[in-house]
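Colleague: Build me a model from this:
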Amino acid sequence: MDKRLLRTVKVAGWDFDAQRNVLEKGSEIIRLEPKTSQLLSFMVLHSNEVLSRAKLLSEVWPRMIVSDEVLTNAVNKIRRAFNDDRKNPQIIETIPKTGYRFIASVEEITADGGSVGCDDDAEPAISVPASSTGKTRLSFRNSWIFSLGLPTFAVLVVLIFGLIIIIQQDEKPHSKIDNPSIAVLPFDNLSDEPDQEFLTDGITEDITTDLSRVSNIRVISSSASGRYKGKDIIPQQVGEELTVDYILQGNIRRIGDLIRVNAQLIDTKTGFNHWAKRYDRKVSEIFVIQDEVSTSVVGALNIDISEYEKKGLSHVTKLNIKAYDYFQEGQRAAIQHTKDSYQRAIASYLKAIDIDESYGRAYGAMSYVMAIQFRRGWTDTPRETLDRALELAKTGVKLDNTIPQTYWSLGYVYLMRKELDKAEEAVATAIKIAPGYSDAYGLLALISNNRGEAEKAIEYTQKGMKLNPFYTWDYLYNLGRANYTLKKYNKAVEFLEQAKGRNPNAIQIIQHLTAAYYRAGQVDDAEWQVEEILSLDPTMTISHISKSIPISDEEVIENFLSALKAAGLPE
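Modeller: This is a model prediction of the structure:
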């Protein structure tokens with residue numbers, strides 16, 4: 001059987017067409033989202049195999065920054081399509097703490113429309129491209145030296161001579177690079193306690209933000225470099241994937257009240273260390289170490305920085321370690337983007353503030369989460385929630401006006417309040433503090449979209465993408481919205497589908513995708529998206545959207561809301 005000639009297989013009595021993303025049984029048709037269909041395809045290919053969550057994420061969402069919840073959501077959609085019982089599964093079995101196993105029967109569709117069972121040695125009916133995660137390793141056994149059959153002494157001479165050349169090359173003065181680019185890779189946690197991951201991840205992100213303060217350095221977003229967490233890396237490969245000149249990597253080990261931090265700056269062209277240092281201090285000095293690392297990296301890169309930037313780099317963060325841990329716990333909850341996770345995030349932020357009342361960033365983070373609760377309608381007191389969010393955001397800036405995150409949160413709250421001028425002013429301040437802060441450009445794009453300024457939204461989004469090559473869903477969402485405003489509806493659908501593939505729970509994506517499909521003349525697709533909206537939030541109405549979405553351009557919002565109404569969203 002030639003798998004290239006087959007389009008369909010029979011799965012648990014349903015005809016699954018992987019090309020059209022549909023399941024069919026008689027006159028009944030179930031449409032699957034592209035990523036859900038790809039996941040089903042991959043599972044069919046690996047029937048009865050235990051597939052880890054990491055494996056599924058890397059195969060179906062390659063080179064994307066997505067959360068585990070995206071996978072869970074897609075698996076649940078497959079289960080719903082087949083009416084599969086989670087407790088007594090016939091399609092997908094959950095393997096606790098590991099992943100999933102596809103246990104449904106799979107049969108090939110023959111040329112005459114019949115089916116035959118797939119045997120283990122048969123070629124699969126659906127082809128899924130393999131991920132390019134393989135690494136090249138040097139093997140002296142197959143090298144040219146040994147193939148020549150040289151005597152052992154000669155081989156040693158060659159190796160020693162080569163080693164001398166490498167050492168001499170590493171000792172040569174490093175040439176200066178104008179406007180160098182760098183990625184701060186996730187530091188490894190070498191402590192025995194897993195909960196130290198909060199500290200390790202936080203320090204990695206903070207060093208990234210510190211370096212973003214310098215206008216002559218292009219610093220890759222932490223959400224892009226985060227994909228390398230826990231992986232063995234080859235500097236040259238990372239350099240090519242992120243288009244950076246240097247990577248900063250290291251590890252942190254905490255034992256009692258002592259902490260050791262190793263950091264090294266690596267040239268991605270040669271793979272050699274450009275700078276390296278070990279710090280042995282008390283845990284209470286971790287933030288001093290963080291600032292010393294940032295300052296040392298800037299010095300090692302030999303670039304000119306302004307007095308304003310020097311002042312920003314020399315600022316030493318003063319935080320309680322326990323409060324910092326609670327804050328990072330809140331951050332991890334918040335990125336799950338669910339009603340429950342936002343509640344857990346707020347609880348963690350409040351614990352951080354209870355310990356350290358001067359923790360400005362915790363106030364800012366909590367204000368952002370509360371603004372999201374307002375945006376999603378997850379509060380019984382929307383106006384009071386938004387007022388409280390503004391109060392918290394202002395407090396965050398007052399307590400810490402040296403970091404971009406507090407101003408970013410203030411800008412987002414002002415956006416939700418439809419005070420767009422104040423929102424833009426706050427975000428502009430964040431960029432002044434950290435010119436390489438990619439999230440600020442993303443928020444400026446969102447503000448521009450809500451003003452109906454599509455070209456500016458595209459410009460800001462593209463700037464953010466340069467700083468974040470593995471950009472998150474919101475960049476694609478902004479491009480989709482901008483193209484919708486420009487009435488390039490098919491292009492809008494393309495970007496919004498990509499955004500939805502990365503975050504199927506972001507209801508604002510589906511709302512604009514609904515409108516884009518309707519304006520593009522694909523009414524059936526628009527109506528299907530309405531079902532998706534109501535499955536995520538059965539209470540969602542046009543009235544709620546009109547009150548919560550901060551679009552100031554009357555023509556744009558009328559075009560958007562009327563499309564949603566025509567597609568079937570309740571008023």
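
Colleague: CA atoms for contacts and neighbours, from now on please.
Modeller: Noted.

Colleague: in the stretch 251-400 of the chain, what spans have low per-residue confidence?
Modeller: For the stretch 251-400 of the chain, the stretches flagged by pLDDT under 70 are 315-317.

Colleague: which residues in it form helices?
Modeller: 286-301, 307-314, 321-334, 339-355, 360-376, 382-399 (DSSP state H, counting those that start in this stretch).

Colleague: Please name the nearest non-neighbouring residue to K394.
Modeller: Once flanking residues are discounted, K394 sits nearest to L410: 6.6 Å by C-alpha to C-alpha, 6 or more residues apart in numbering.

Colleague: quick one, what contacts the one you found?
Modeller: Counting by C-alpha atoms under 8 Å, 6 or more residues apart in numbering, L410 touches G364, S367, Y368, L390, A393, K394, V397, A423, A426, V427.

Colleague: Let me know the angle separating the helix or strand harbouring it from helix 382-399.
Modeller: Using DSSP states H and E, L410 maps to helix 404-416. The directions of helix 404-416 and helix 382-399 differ by 150 degrees, with axes from the mean of the first three to the mean of the last three C-alpha atoms, to 10 degrees as the criterion.

Colleague: continuing past helix 404-416, what's the next helix or strand?
Modeller: By DSSP H and E, the next helix or strand past helix 404-416 is helix 420-433.

Colleague: Just the CA coordinates for that next one, please, in CSV.
Modeller: Presented in CSV, the C-alpha positions along helix 420-433 are these (Å, rounded to 0.1, in the frame of the first residue of the first chain):
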residue,chain,number,x,y,z
LEU,A,420,-6.2,54.7,24.7
ASP,A,421,-4.0,57.9,25.0
LYS,A,422,-3.0,57.0,28.5
ALA,A,423,-2.5,53.4,27.5
GLU,A,424,-0.1,54.4,24.8
GLU,A,425,1.8,56.8,27.1
ALA,A,426,2.3,54.1,29.7
VAL,A,427,3.6,51.6,27.2
ALA,A,428,5.9,54.2,25.6
THR,A,429,7.5,54.6,29.0
ALA,A,430,8.0,50.8,29.3
ILE,A,431,9.9,50.9,25.9
LYS,A,432,11.9,53.9,27.1
ILE,A,433,13.0,51.8,30.1
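
Colleague: Counting by contacts, list what the helix or strand following that helix packs against.
Modeller: Downstream of helix 420-433, the first helix or strand assigned by DSSP H and E is helix 438-451. Here helix 438-451 touches helix 404-416, helix 420-433, helix 454-467, helix 473-485, going by 3 or more C-alpha pairs under 8 Å, 6 or more residues apart in numbering; DSSP states H and E.

Colleague: Export the ones you listed to CSV and append columns for mean pLDDT.
Modeller: Listed next are the helices and strands packed on helix 438-451 as CSV, based on pLDDT from 0 to 100:
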stretch, mean pLDDT
helix 404-416, 96
helix 420-433, 96
helix 454-467, 93
helix 473-485, 95
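
Colleague: okay, these in CSV with distance to D15 next?
Modeller: Output for those, formatted as CSV (distance: least, C-alpha to C-alpha, whole Å):
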stretch, distance to D15
helix 404-416, 46
helix 420-433, 51
helix 454-467, 40
helix 473-485, 32
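
Colleague: quick one, which of those helices is packed in tightest?
Modeller: Mean neighbour count, computed with mean count of other C-alpha atoms under 10 Å, is highest for helix 404-416 among the helices and strands packed on helix 438-451, reaching a mean of 29.

Colleague: Let me see the domain layout of this protein.
Modeller: Domain assignment for the chain by automatic domain parsing gives 3-117, 143-171, 181-314, 319-435.

Colleague: among these, which is nearest A492?
Modeller: For the domains of the chain, the distance to A492 is smallest for domain 3-117, at 16.4 Å, taking C-alpha to C-alpha.

Colleague: what is the mean pLDDT for that closest one?
Modeller: Averaged over domain 3-117, pLDDT sits at 80.

Colleague: Quick one: distance of it to the chain centre.
Modeller: Counting by C-alpha atoms, centre = their mean, to the nearest Å, domain 3-117 is centred 24 Å from the centre of its parent chain.

Colleague: measure D178 to F272 for me?
Modeller: 19 Å (C-alpha to C-alpha, to the nearest Å).

Colleague: follow-up on the earlier one: for A567, find the nearest of the helices of the stretch 251-400 of the chain.
Modeller: helix 360-376 (20.2 Å).

Colleague: who touches that closest one?
Modeller: Residues contacting helix 360-376 (C-alpha under 8 Å, 6+ apart): 327, 334, 339, 342, 345-346, 349-350, 352-353, 379, 382, 385-386, 388-400, 405-407, 409-410, 412-413, 416, 548-549.

Colleague: What subset of those is buried?
Modeller: 327, 334, 342, 345-346, 349-350, 352-353, 379, 382, 385-386, 388-397, 399-400, 405-407, 409-410, 412-413, 416, 548-549 (16 or more other C-alpha atoms under 10 Å).

Colleague: For stretch 314-334, list every residue counted as buried.
Modeller: Quick answer for stretch 314-334 (16+ other C-alpha under 10 Å): 319, 321, 323-334.

Colleague: re earlier: so which of the helices of the stretch 251-400 of the chain gets nearest N251?
Modeller: N251 sits nearest to helix 286-301 of all these, at 12.1 Å, using C-alpha to C-alpha.

Colleague: Could you list the buried residues of that closest one?
Modeller: 286-295, 297-298, 301.

Colleague: now the angle from it to helix 321-334?
Modeller: Using the same axes, to 10 degrees, helix 286-301 lies at 70 degrees relative to helix 321-334.

Colleague: which strands and helices sit next to helix 286-301?
Modeller: helix 197-212, strand 258-267, strand 273-282, helix 307-314.

Colleague: hey, which of these is tucked in deepest?
Modeller: helix 197-212 (a mean of 23).

Colleague: Need the residues that contact that helix.
Modeller: 183-189, 217-222, 252, 290-291, 293-294, 298, 312-313, 324-325, 328-329, 434-437.

Colleague: and D178 and F272? which has more neighbours close in?
Modeller: F272 (18 against 12; other C-alpha atoms under 10 Å).

Colleague: follow-up on the earlier one: may I see the domains of the chain arranged in CSV, with distance to K466 as well?
Modeller: Below are these laid out as CSV (distance: least, C-alpha to C-alpha, whole Å):
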stretch, distance to K466
domain 3-117, 15
domain 143-171, 30
domain 181-314, 8
domain 319-435, 13
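
Colleague: For the spatially closest residue to Y342 that is not a sequence neighbour, list the residues it contacts.
Modeller: Closest residue in space to Y342, ignoring its immediate chain neighbours: A334 at 5.3 Å, by C-alpha to C-alpha, 6+ apart. By C-alpha under 8 Å, 6+ apart, the contact list for A334 reads S341, Y342, R344, A345, V369.

Colleague: try 10 Å this time
Modeller: Q328, D340, S341, Y342, Q343, R344, A345, I346, A365, M366, Y368, V369 (C-alpha atoms under 10 Å, 6 or more residues apart in numbering).

Colleague: Look up how far L39 lies from the fourth one.
Modeller: Shown here: Y342 relative to L39, a distance of 28 Å by C-alpha to C-alpha.

Colleague: The fifth one now?
Modeller: Taken as C-alpha to C-alpha, the spacing of Q343 relative to L39 amounts to 30 Å.

Colleague: same question, the last one
Modeller: According to C-alpha to C-alpha, V369 stands 31 Å off from L39.

Colleague: Also the third one?
Modeller: Relative to L39, S341 is positioned 25 Å away (criterion: C-alpha to C-alpha).

Colleague: One more: the second one?
Modeller: D340 sits 26 Å away from L39 when distances are taken as C-alpha to C-alpha.

Colleague: so who does D439 touch?
Modeller: By C-alpha under 10 Å, 6+ apart, the neighbours of D439 are 221, 223, 404-405, 408, 427, 430-431, 445, 461, 464-465, 467-468, 471, 474-475.

Colleague: wait, S296
Modeller: L265, W275, A276, K277, N302.

Colleague: Understood, closing this out.
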